[in-house]
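Enquirer: Below are the sequence and a predicted model; questions follow.
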Amino acid sequence: MAENKNISPNISYISKQPVINLKPNVMKNSFQCPKCDGYLNVGNRIVLAADNKKGDSGLLLLDPEIGSYSVETNKHFSVETGEKYILYCPICHERLCSDLHDNLSRIKMIDEEGHVFEVLFSKIAGEKSTYKIIGENVDLYGEHASNYVDFINLSRVK
(Lines give C-alpha, C1' and ligand atoms only; values in the text may rest on other atoms or scores of the structure.)
Protein backbone atom coordinates (compact mmCIF):
# COMPACT_ATOMS: atom_id res chain seq x y z
CA MET A 1 0.00 0.00 0.00
CA ALA A 2 2.93 2.39 0.49
CA GLU A 3 3.42 2.45 -3.29
CA ASN A 4 -0.08 3.90 -3.90
CA LYS A 5 0.63 6.91 -1.65
CA ASN A 6 3.23 8.12 -4.17
CA ILE A 7 0.67 8.44 -6.96
CA SER A 8 -0.27 12.04 -7.61
CA PRO A 9 -3.94 12.87 -7.02
CA ASN A 10 -3.95 14.51 -10.50
CA ILE A 11 -3.40 11.14 -12.17
CA SER A 12 -6.68 9.86 -10.81
CA TYR A 13 -8.44 13.08 -11.88
CA ILE A 14 -7.00 13.02 -15.39
CA SER A 15 -7.96 9.39 -15.91
CA LYS A 16 -11.61 10.29 -15.19
CA GLN A 17 -11.76 12.91 -17.97
CA PRO A 18 -13.77 12.02 -21.07
CA VAL A 19 -11.76 10.65 -23.96
CA ILE A 20 -11.54 13.20 -26.76
CA ASN A 21 -11.02 11.99 -30.28
CA LEU A 22 -8.30 14.23 -31.74
CA LYS A 23 -8.61 12.93 -35.31
CA PRO A 24 -8.66 15.77 -37.79
CA ASN A 25 -11.95 16.30 -39.59
CA VAL A 26 -11.26 14.78 -43.00
CA MET A 27 -14.46 16.14 -44.52
CA LYS A 28 -13.35 19.48 -45.88
CA ASN A 29 -16.55 20.34 -47.74
CA SER A 30 -20.01 21.02 -46.37
CA PHE A 31 -23.12 19.77 -48.12
CA GLN A 32 -26.50 21.48 -47.93
CA CYS A 33 -30.08 21.02 -49.05
CA PRO A 34 -30.78 23.46 -51.91
CA LYS A 35 -34.28 24.11 -50.47
CA CYS A 36 -33.73 24.70 -46.71
CA ASP A 37 -29.91 25.13 -46.58
CA GLY A 38 -29.81 22.52 -43.82
CA TYR A 39 -26.47 20.73 -43.46
CA LEU A 40 -26.56 17.18 -44.80
CA ASN A 41 -23.14 15.98 -43.69
CA VAL A 42 -22.49 14.30 -40.36
CA GLY A 43 -19.02 13.02 -39.56
CA ASN A 44 -17.67 11.61 -42.79
CA ARG A 45 -21.00 10.93 -44.50
CA ILE A 46 -23.74 12.76 -46.38
CA VAL A 47 -27.14 11.74 -45.00
CA LEU A 48 -30.15 11.57 -47.36
CA ALA A 49 -33.61 10.06 -47.00
CA ALA A 50 -34.79 7.73 -49.78
CA ASP A 51 -37.87 5.89 -51.01
CA ASN A 52 -37.75 2.93 -53.38
CA LYS A 53 -40.38 1.82 -55.90
CA LYS A 54 -41.83 -0.65 -53.37
CA GLY A 55 -42.64 2.22 -51.02
CA ASP A 56 -39.90 1.38 -48.51
CA SER A 57 -38.07 4.29 -46.89
CA GLY A 58 -34.61 4.54 -45.37
CA LEU A 59 -31.55 6.66 -44.87
CA LEU A 60 -28.57 6.62 -47.21
CA LEU A 61 -25.09 7.44 -45.95
CA LEU A 62 -23.03 8.60 -48.93
CA ASP A 63 -19.30 9.08 -49.25
CA PRO A 64 -18.66 12.85 -49.47
CA GLU A 65 -15.73 12.42 -51.86
CA ILE A 66 -17.00 13.44 -55.29
CA GLY A 67 -16.58 10.44 -57.60
CA SER A 68 -16.77 7.85 -54.81
CA TYR A 69 -19.97 5.86 -54.89
CA SER A 70 -20.03 3.93 -51.62
CA VAL A 71 -23.38 3.86 -49.84
CA GLU A 72 -24.36 2.58 -46.41
CA THR A 73 -27.92 1.74 -45.40
CA ASN A 74 -29.82 -0.04 -42.69
CA LYS A 75 -29.79 -3.80 -43.19
CA HIS A 76 -33.57 -3.70 -43.78
CA PHE A 77 -33.34 -1.05 -46.53
CA SER A 78 -31.18 -2.32 -49.34
CA VAL A 79 -30.04 -0.46 -52.43
CA GLU A 80 -30.63 -2.50 -55.59
CA THR A 81 -28.44 -1.83 -58.63
CA GLY A 82 -30.47 -0.32 -61.47
CA GLU A 83 -33.33 0.82 -59.24
CA LYS A 84 -34.28 4.51 -59.27
CA TYR A 85 -34.75 6.10 -55.84
CA ILE A 86 -36.54 9.25 -54.76
CA LEU A 87 -34.13 11.24 -52.60
CA TYR A 88 -35.20 13.72 -49.93
CA CYS A 89 -33.62 16.15 -47.53
CA PRO A 90 -33.77 14.50 -44.08
CA ILE A 91 -34.37 17.95 -42.55
CA CYS A 92 -37.13 19.60 -44.60
CA HIS A 93 -38.27 16.44 -46.48
CA GLU A 94 -38.23 18.21 -49.87
CA ARG A 95 -37.25 16.17 -52.91
CA LEU A 96 -33.66 16.73 -54.01
CA CYS A 97 -34.54 17.00 -57.71
CA SER A 98 -32.61 18.52 -60.55
CA ASP A 99 -34.41 20.56 -63.19
CA LEU A 100 -32.07 19.17 -65.87
CA HIS A 101 -33.16 15.51 -65.85
CA ASP A 102 -35.56 13.35 -63.85
CA ASN A 103 -32.77 10.84 -63.08
CA LEU A 104 -30.58 13.44 -61.36
CA SER A 105 -30.64 14.71 -57.77
CA ARG A 106 -29.20 18.01 -56.62
CA ILE A 107 -27.45 19.23 -53.46
CA LYS A 108 -25.09 22.13 -52.69
CA MET A 109 -21.44 21.81 -51.74
CA ILE A 110 -19.44 24.55 -50.01
CA ASP A 111 -15.66 24.11 -50.15
CA GLU A 112 -13.07 25.33 -47.62
CA GLU A 113 -12.76 28.70 -49.39
CA GLY A 114 -16.53 29.27 -49.29
CA HIS A 115 -17.19 28.56 -52.98
CA VAL A 116 -20.70 27.19 -53.53
CA PHE A 117 -21.09 24.38 -56.07
CA GLU A 118 -24.17 22.64 -57.40
CA VAL A 119 -23.66 18.87 -57.27
CA LEU A 120 -25.85 16.70 -59.49
CA PHE A 121 -25.77 12.92 -59.23
CA SER A 122 -27.76 9.97 -60.48
CA LYS A 123 -30.73 8.64 -58.51
CA ILE A 124 -30.23 5.25 -60.16
CA ALA A 125 -28.26 2.88 -57.93
CA GLY A 126 -25.05 1.75 -59.60
CA GLU A 127 -25.08 4.52 -62.20
CA LYS A 128 -21.87 6.43 -61.55
CA SER A 129 -22.49 9.93 -62.83
CA THR A 130 -21.80 13.10 -60.85
CA TYR A 131 -21.45 16.71 -61.95
CA LYS A 132 -19.86 19.49 -59.87
CA ILE A 133 -20.95 22.86 -61.24
CA ILE A 134 -19.90 26.40 -60.44
CA GLY A 135 -20.67 29.24 -62.82
CA GLU A 136 -19.81 28.10 -66.34
CA ASN A 137 -17.56 25.24 -65.19
CA VAL A 138 -18.66 21.62 -64.90
CA ASP A 139 -16.48 18.80 -63.61
CA LEU A 140 -17.63 15.31 -64.63
CA TYR A 141 -17.12 12.25 -62.42
CA GLY A 142 -17.90 8.57 -62.87
CA GLU A 143 -17.88 6.08 -65.69
CA HIS A 144 -21.49 6.93 -66.65
CA ALA A 145 -21.07 10.73 -66.61
CA SER A 146 -21.69 10.92 -70.36
CA ASN A 147 -25.30 9.69 -69.80
CA TYR A 148 -26.56 13.18 -68.95
CA VAL A 149 -23.94 15.50 -70.40
CA ASP A 150 -26.36 16.48 -73.21
CA PHE A 151 -28.71 17.89 -70.57
CA ILE A 152 -25.99 20.14 -69.16
CA ASN A 153 -24.97 23.12 -71.27
CA LEU A 154 -21.92 21.67 -73.04
CA SER A 155 -20.23 25.06 -73.12
CA ARG A 156 -19.91 24.75 -69.33
CA VAL A 157 -17.93 21.47 -69.48
CA LYS A 158 -14.20 21.92 -68.96
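Expert: That came through fine.
Enquirer: the strands in this protein, which residues?
Expert: For the chain, strands defined by DSSP state E occupy the ranges 30-32, 41-42, 45-51, 57-62, 71-72, 86-88, 104-110, 116-122, 130-134, 137-141.
Enquirer: and V149, which of those is closest to it?
Expert: Set against V149 and scored by C-beta to C-beta, the strands of the chain come closest in strand 137-141, at 6.8 Å. For every residue, glycine as well, the C-beta is placed using N, CA and C.
Enquirer: before we move on, the earlier item: I'd like the strands of the chain as JSON lines, with distance to E80 appended.
Expert: Output for the strands of the chain, formatted as JSON lines (distance: least, C-beta to C-beta, whole Å):
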{"stretch": "strand 30-32", "distance to E80": "24"}
{"stretch": "strand 41-42", "distance to E80": "25"}
{"stretch": "strand 45-51", "distance to E80": "12"}
{"stretch": "strand 57-62", "distance to E80": "12"}
{"stretch": "strand 71-72", "distance to E80": "11"}
{"stretch": "strand 86-88", "distance to E80": "14"}
{"stretch": "strand 104-110", "distance to E80": "17"}
{"stretch": "strand 116-122", "distance to E80": "14"}
{"stretch": "strand 130-134", "distance to E80": "20"}
{"stretch": "strand 137-141", "distance to E80": "22"}
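Enquirer: okay, those strands in JSON lines with mean pLDDT next?
Expert: Formatted as JSON lines, the strands of the chain follow (pLDDT from 0 to 100):
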{"stretch": "strand 30-32", "mean pLDDT": "97"}
{"stretch": "strand 41-42", "mean pLDDT": "94"}
{"stretch": "strand 45-51", "mean pLDDT": "97"}
{"stretch": "strand 57-62", "mean pLDDT": "96"}
{"stretch": "strand 71-72", "mean pLDDT": "94"}
{"stretch": "strand 86-88", "mean pLDDT": "97"}
{"stretch": "strand 104-110", "mean pLDDT": "97"}
{"stretch": "strand 116-122", "mean pLDDT": "96"}
{"stretch": "strand 130-134", "mean pLDDT": "94"}
{"stretch": "strand 137-141", "mean pLDDT": "92"}
